[in-house]
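Chemist: Just a sequence and a predicted model for now, questions to come.
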Amino acid sequence: MSIHKTEAIVLRRRDFRETSLIVDFYTRAFGKISGILKGIRLEPDKFASTVEVSSYNDIIFYKKPNTSLYLVSGCDLKDKFFKIRNSIIKAGISSFMMELISTVMQPEEKNEDIFNLALNCLKELEVTHDPEKVMIIFKIKMLALSGFKPHFDSCVSCANKILGQSKFSLCLGGLLCPECYYKDLSARSIFRGTVASILHIERTDFKANLNLGLNPQIKKELRIILNSFLNFHLERELNSQKVLNKLAMTVWEEREN
């Protein structure tokens, strides 16, 4: 039986029988995996981590025969991100990040760029005074890296470059030029600054994204468009997003007014 070691971020955890946990990890080397930590609830000192959701760990594991579960024999905490857990808004955003990765990524689909994105966003959440900006960056880059991104480079219908005003079509998954507005009469107008911000975030590395200025009007439109796009294509609203809607919108609206 092959034994593996890799860095891992905890996506989800649930009790298994009286003594154990089943944990979903997103790993650097193996993508999303599920593992059982036997006896951790009875003897927590067996592992050097409490395996909290969003925590960053080194894990040692091997595959059990005739099951999709891995057996995790070692889990050493690298970072618990305490400052995130002390903020209800930041904790909600980190929960959303973990739920989106868990929902979008297939088991054992390795993507180091997504692992690095999640880790960078968690580190930035600890210190930022603008957690919504981190969430916006995460959503846009996560959609791009996972292959779900909406089409903002040109008209999604005729492929012509858009130089002026455009509308965003949920059902077609991208921008429409004025000549193609009739293709989706429910498409909504979108600011040119919003389109430029999305393209900049898609094409620029994470640290450079943090220097991007986002005024309240563009932030609000990004919030609406990204949430609508995710809900439409996932065919549901993520539970963590519902919680964030209740927790955060009042706070952000007050800051912007």
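Modeler: Good, I have the coordinates. Predicted model, so just to flag it, every value in this text is computed and none were measured.

Chemist: mind listing the helices for the stretch 151-257 of the chain?
Modeler: Remark: helices assigned in the stretch 151-257 of the chain by DSSP state H, counting those that start in this stretch are 192-203, 206-209, 216-234, 239-256.

Chemist: and of those helices, who's closest to Lys183?
Modeler: helix 216-234 (16.1 Å; C-beta to C-beta). Every residue, glycine included, has its C-beta placed from N, CA and C.

Chemist: Check which residues of the closest one are buried.
Modeler: Ile218, Lys219, Lys220, Glu221, Leu222, Arg223, Ile225, Leu226, Asn227, Phe229, Leu230 (16 or more other C-beta atoms under 10 Å).

Chemist: Could you list the low-pLDDT ranges of the stretch 151-257 of the chain?
Modeler: Low-confidence segments of the stretch 151-257 of the chain (pLDDT under 70): 248-257.

Chemist: change it to 90
Modeler: 163-164, 233, 245-257 (pLDDT under 90).

Chemist: hmm, back to that, distance to Leu185 for the buried residues of helix 216-234 - can I get that in CSV?
Modeler: Below are the buried residues of helix 216-234 laid out as CSV (distance: C-beta to C-beta, whole Å):
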residue, distance to Leu185
Ile218, 25
Lys219, 27
Lys220, 23
Glu221, 20
Leu222, 23
Arg223, 24
Ile225, 18
Leu226, 22
Asn227, 21
Phe229, 18
Leu230, 22
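
Chemist: so which pair among these is furthest apart in space?
Modeler: Between any two of those (C-beta to C-beta), the greatest distance is 18.1 Å, for Ile218 and Leu230.

Chemist: quick one: Pro107 from Val195, how far?
Modeler: Per C-beta to C-beta, to the nearest Å, Pro107 is found 34 Å from Val195.

Chemist: list the contacts for Tyr56?
Modeler: The neighbours of Tyr56, taking C-beta atoms under 8 Å, 6 or more residues apart in numbering as the test, are Glu7, Ala8, Ile9, Leu77, Lys78, Asp79, Lys80, Phe81, Leu119, Leu122.

Chemist: now, which of those lie within helices?
Modeler: Within the contacts of Tyr56, residues falling in helices by DSSP state H are Leu119, Leu122.

Chemist: So which of the contacts of Tyr56 is surrounded by the most neighbours?
Modeler: Counting neighbours by other C-beta atoms under 10 Å, Ala8 leads these with 29 neighbours.

Chemist: ok, for that residue, nearest residue in space, not its chain neighbours?
Modeler: In space, and not counting its chain neighbours, Ala8 is closest to Phe25: 3.9 Å by C-beta to C-beta, 6 or more residues apart in numbering.

Chemist: just checking, what packs against the helix or strand containing Ile136?
Modeler: For Ile136, the enclosing helix or strand under DSSP states H and E is helix 131-146. Judged by 3 or more C-beta pairs under 8 Å, 6 or more residues apart in numbering; DSSP states H and E, the packing partners of helix 131-146 are helix 88-104, helix 112-127, helix 192-203, helix 206-209, helix 216-234.

Chemist: residues in contact with it?
Modeler: So helix 131-146 is contacted by 87, 89-90, 93, 96-97, 100-101, 104-105, 111, 113-114, 117-118, 121, 124-125, 128, 149-150, 198, 201-202, 206, 209-210, 214, 219, 222-223, 226, 229-230, 248, 252 (C-beta under 8 Å, 6+ apart).

Chemist: Quick one: mean pLDDT for it?
Modeler: Mean pLDDT, helix 131-146: 95.

Chemist: ok and it relative to helix 192-203, angle-wise?
Modeler: In terms of direction (axes from the mean of the first three to the mean of the last three C-alpha atoms, to 10 degrees), helix 131-146 departs from helix 192-203 by 60 degrees.

Chemist: No more questions from me, cheers.
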